[in-house]
Structures are given as structure tokens and as C-alpha cells.
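Build the 3D model from these lines:
(chains A and B)
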Amino acid sequence: MSTLKPLGFALFALTLASSAALAANTPNLGKAVTENDFKAWDITILPDGTGLPPGSGTAAQGAKLFDDKGCSLCHGKDARGGKSNELIGNPSLVEGGIDANKTVANFWGQASTLFDYIRRAMPWPTPHTLSDDETYALCAYLLAGNNIIPQDEPMNAQTLPKVKMPNRNNFIIKFPGRI
Amino acid sequence: MATASMDAAKPGVTTMRKRLGSGSAPLAEIAGNGLLHRRALLGGGIALAGAMTTGAATRSAAAEPLTNPPLTDPQWTNVPGIVTPVLQTPSRFEKNLVRILSNPKGEPRTQHARTPLQMLDGTITPNPLHFTILHSGIPDIDPAQHRLIVHGMVKRTLEFTVEDLLRYPMVTRKHFVECGGNSAAMFSNVPLQATVQQLHGLASCAEWTGVPLSVILDEAGVDPKAVWIMAEGADDLLVARSVPLKKGYEDALIAFYQNGERLMPGNGYPMRLLLPGFEGNMNIKFLRRLYIIDQPAMTFYETRNYSPLLPDGKAYRFYFVNEVKSFITKPSFGMSLKAPGYYEISGIAYSGTGTITKVLVSADGGKSWGEAAVEGPATPKAFTRFRMPWRWDGQPVTITSRAWDDSGAVQPLRADFVKVRGETKKPVKSPYAFANQHYNSLTSWAIDAKGEIKHVYA
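Presented below is the predicted three-dimensional model:
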């Protein structure tokens, strides 16, 4: 991915070197901690799967959770949309035009974001209550419902990062020089 | 020096003659439909004859007939005033000076509060009126318990308290913050009849005080192979964005103060990321974690909402920058001109790529342009006020503005913008809908012979 190769890397290194001396003159009030000290906060899932926890879930389990956890109250029956976004559905972006409905199937570039966002923010209004197994199951339900993975393929730390999202190659980096 | 005198030919009608020094030649127009040279703004300058009204608002004294009864003392001049409050609020005669909420009942969806830019002047947005977007309410954060973690590709994993960070050397800078979706209604194929507040109110400008992010990054010791910072807030959605590390070293701040006082809760209390010129959503509020990494985290907001769709179905990714933009705030939709005569056209210009160097104004829909006065000193990535003296002859006109910055960037004309970015196939119905993101083309107001103002595309 081109975004991983920053331009002006030498310049960046230079900035770092010249500011190293400054650091000694700054307050240095931060407390040294280890990853164990903030495990509950360390929740980011990267596109390559870094951060995915143990656990697993299937589409069938996810379908039941989608109703049980109240997801359908906002996202509609069978995730077809309601007060909030449709999560299963694949409308054409070209036909829809520049304000087309951007969905998991027609837009999202990677599957890692499903796990990251569901665990981070859903369900409204009781986020941070889903187990990791439940989160994997909801990912499987939405990916299988959109025909991106087979109905019987469980999602886990090994399978989720390998999912190829249909729209992944349709993005243009707007300001590559700023990365 | 220009002077002006007024003759009242008959009661209720005011005419105006302008004089240059002792001569009687009027100031020459510099562009069509009555745009005047900006030097008319200097010194004793021009008295305003026509009165601009907002709804049933004030009438200019100049427009009053001369048959008024002599002045007497009003009631408040004859009694002591009220007791001074500890915290000042605006006059009760300024009740309309409030933000517009997109979700007034606080339903389970995002709440946008838009700034009444057409009712403000100068360049600073008062804190109670600064725009906010909250995806799940305003968290009630106790600063004594709030923490910031810096981890990932660093030599030292660090935890900071707010008290710790308030001991750091601070800098103060004036910057605008603008939502990437501000002005989204301008993507409509038919212009919406809406105020500046409704169209452009997801932008504000404040003086921010905080600790340069580079200081914190250096104390943690960032791995040279790192490229990104995943920044995350402490709200219940844990709103998160990937920020280029490069920006962290360029001009990013961890901000604690807004116009001299601690951040408003809706603006990120007790601390927020401030990324000058970058779309609002990236300026993570309630900042609690900085995760240094070598790949973008591809959080929800960069994956979906802030990747603008193009007409061919492709989309821009990492559209960080709010590009050069301007719009006229006065006069604008919702106001009306009472009578022909002199007015000041005034507005805001700003750019996420630099300092505003020039603003041109047109009163004939873009056929001819005159250079507006840009109030200085203009500073980078901040609201800049422009003013243009104007003599309206009472005929229909279309006024618009166009800005330039010191990076060479110029605000695109609408036809050129639409050619690349497209517009909707059906009219957008609500000014609060988000058809697309990052609109920075022109805004035009058509004024008819009655002085009524409409939003048009010119």
C-alpha cells in the first residue's frame, strides 16, 4: 500500500534527530507504564489483523445476536436499514451518484474496521458490552449477509484480516505528500 | 479622505453624495454593479445610507425621517442597572444569537450544532457559539481522573495526567476548525434556500492554547519506522482517527484552552487534538490515547464518512485538508436590503493550506471582480475577515467572493468544482444532510430589486 511509504523520509528522520536534544529540556512528566497497565484501552484493530483477540463467531450466531442485542432497532430488520445505516445491501455507487449510500458491501475497503467499530461503539446505547466471540459473530453475519464470505465460515483472528472487500481498490489517496 | 453628506429630499427617503476631499466626484467603481475601492473603508469613510435588516430588526438612524420628535431619556437611563453576574451572557435583545441543533431532542444519532456566522463579525467565534458535532452526547469528564496514554512504536510507553500536561510549556495559535462535511448542501444540483449558518455553520475559529504534540512524541521517543498516529477520545464511542505522524511534528497541538478559558465540554474538555487546517473529525476531542503505528488504523470515520465519493464511483481517501474557501456573511440569505445606497459586503475567508492573501468580490455574478480589503494581520489556517464597500443602485445583482492563499491555492469556480466533484442527481432536501464532503467552491447571493436575497449558483 502506497500510503505506507512516506515521502521525505530523510526529512522526517532529520526532524527526529534535531528534536532529540530538545527532549532533555522538556518536562518529562509522563509515567512509564507497560501494555498491561491499560489493556482495556488497547482496542485498536489494524487492517493487517494486529490487535484481534482470541475468539470466534459464525453468521448464524450473529443473526441471532443482531436481534437479541437490539441492533435491528436502528439498522432495520435483517440489517436492511432503518433509523440508522443499512448494513446488508449493495446499492450501486455510480447509479446513486455522489451522495450514494455507502455500505459495508459497496464501500468499505477492509474488514478489520467491522470488528474495531462494533466493539468500540456498538450497540447504542450500551457500547463495550459485547464479548469478543459476539463481536466476531456479528462480523460474520454482516460479511456473509453481503455475500462477501460463505455462510459457514467462522470469523476469528486468522480469517477476518484475510477477507477481501469488494471495493478495496477504488480509493484515491487525496494528499499522498502529507502522509 | 472620503467624506459623505446626506440630503433628505423628502421624509423617509435618503440620498447620499460622496465627496473626495473638497471635490464632489464620487468614488469610482472598481467592478460592476457598484463595487467600490477598498480605500473607501479607511478613516472617516462612508456613512451607510441603506439599512440592512435581519427580519424585523433594527433600522438605521440614517434612514429615519427627519420629522422625528426630539430625543428624551429612555427608561433605563433614569434607573440603576441590574447587579453584575459572575458570568456574562449576551443582551436579552440578542436572543437569536444561538446555534442551530440538527437533533434538538437528542435522539440516538449525531448532534450537529451550527455557528451563526452571519450574525458574528471579526474572526473569533465566542466559545458558547463554537460549532460542535457529538456522535453520542457530551461526556462528563472529571479532569482529575482523565489520562493520556502514548504507546505503540515508541521507546517509552507513557501515561500523563491532565495536571502533568498543564505544567508543559504552551503555545497560543488562532486557527479555524471545520467539519469535513461543512457546506455539504452545496453539492445539491439545485441551490437550497438556507442561511450561512445552515450552509456553512460547521466551521468556527478560536485562539487555542496547548502543548505542541511534537514535545510529547519526542519524550516518548518515536520509532523512525512509524508513519501514523491513531488518536482516540474518551467519549462512549471512543471516536478515533488516523493522523499522519508528519502532522504531529508540523503544527499539531494538544489543546487545553479555547479563547483563553478551558475547553468547552462539547469542544473536547479537558483536552483535544488540534490539527490546524485538517477536517474537524480528526481533531480528536476528549483525547485519551495516541497509538504510534506504521499503517493507518482505518477507523470507521476514515473508512466511510470522510472518504468523499466521486461521480465515477471511486472515492478519495485521506482527504485531510480543508482547502481555501470564502463566503459572504453580510448581506446573505435571511437578510434584506431596505433601500438602495451604500453597504459593506463582508465575509470570511480561510484555508487549510496557508494564509489568505487575496479575496475578490463580484456583484455581477462573476463577470467582473474587485479586490476586497483583507483585515490583517492574516494568519495561517485562520478565519480572515474581508470587507468591500458597495453602492447598490437598486437593480438585481448577484454577489459572490473568491479567495487565494499564500501557497498559491485558489478557491475553485463552481463550474470547475462540479466538473471534478460532481453534484447530486436530485435536489438535496435538507441543509443538514451530508451529500458529500469537502466543498470549497463559491457561494453566491442574488439580490432582487426589492432587496430580497436568494441563494443561487453563479
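
Report the spatially nearest residue to residue A:121, omitting neighbours in sequence.
Computed as Cβ to Cβ, 6 or more residues apart in numbering or on different chains, the closest residue to residue A:121 that is not its neighbour in sequence is residue B:237, at 4.2 Å. C-betas here are computed from N, CA, C, even on glycine.

number of nearby residues for the one you found?
Neighbours of residue B:237 under the rule other Cβ atoms under 10 Å in any protein chain shown: 20.

now it: how far from residue A:72?
For residue B:237, the distance to residue A:72 equals 20 Å [Cβ to Cβ, to the nearest Å].

In chain A, which residue sits nearest chain B?
residue A:30 (3.2 Å; Cβ to the nearest Cβ).

element containing the nearest residue to residue B:157 once chain neighbours are set aside, please.
Closest residue to residue B:157 apart from its sequence neighbours, by Cβ to Cβ, 6+ apart: residue B:151 at 4.4 Å. Assigned by DSSP states H and E, residue B:151 belongs to strand B:147-152.

re earlier: which residues touch the residue of chain A closest to chain B?
Neighbouring residues of residue A:30 by Cβ atoms under 8 Å, 6 or more residues apart in numbering or on different chains: B:150, B:156, B:158, B:159, B:160, B:164, B:216, B:219, B:220.

same deal with residue A:153?
Applying Cβ under 8 Å, 6+ apart, the residues near residue A:153 are A:58, A:59, A:140, A:144, A:159.

want to throw those residues into JSON lines with pLDDT and neighbour count?
Shown next, in JSON lines, are the contacts of residue A:153 (pLDDT from 0 to 100; neighbours: other Cβ atoms under 10 Å in any protein chain shown):
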{"residue": "A:58", "pLDDT": "98", "neighbour count": "18"}
{"residue": "A:59", "pLDDT": "98", "neighbour count": "22"}
{"residue": "A:140", "pLDDT": "98", "neighbour count": "30"}
{"residue": "A:144", "pLDDT": "98", "neighbour count": "21"}
{"residue": "A:159", "pLDDT": "98", "neighbour count": "19"}
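
Throw the residues you listed into TSV and include secondary structure and distance to chain B, thanks.
What follows is the contacts of residue A:153, written out as TSV (DSSP: H, G, I helix; E, B strand; the rest coil; distance: Cβ to the nearest Cβ, whole Å):
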residue	secondary structure	distance to chain B
A:58	coil	23
A:59	helix	21
A:140	helix	18
A:144	helix	20
A:159	coil	18
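
And for the one residue sitting closest to the centre of chain A, nearest residue in space, chain neighbours not counted?
Centroid-nearest residue in chain A: residue A:113, 0.9 Å away (criterion: Cα atoms, centre = their mean). Using Cβ to Cβ, 6+ apart and skipping the chain neighbours, the partner closest in space to residue A:113 is residue B:303 (4.7 Å).

can you tell me how far that neighbour sits from residue A:102?
9 Å.

and what of residue B:276?
Taking Cβ to Cβ, one finds residue B:276 at 28 Å from residue A:102.

helix/strand/coil for the most far-flung residue of chain A relative to its centre?
Relative to the centre of chain A, and counting by Cα atoms, centre = their mean, the farthest-placed residue is residue A:25 at 38.7 Å. Under DSSP: H, G, I helix; E, B strand; the rest coil, residue A:25 falls in the coil class.
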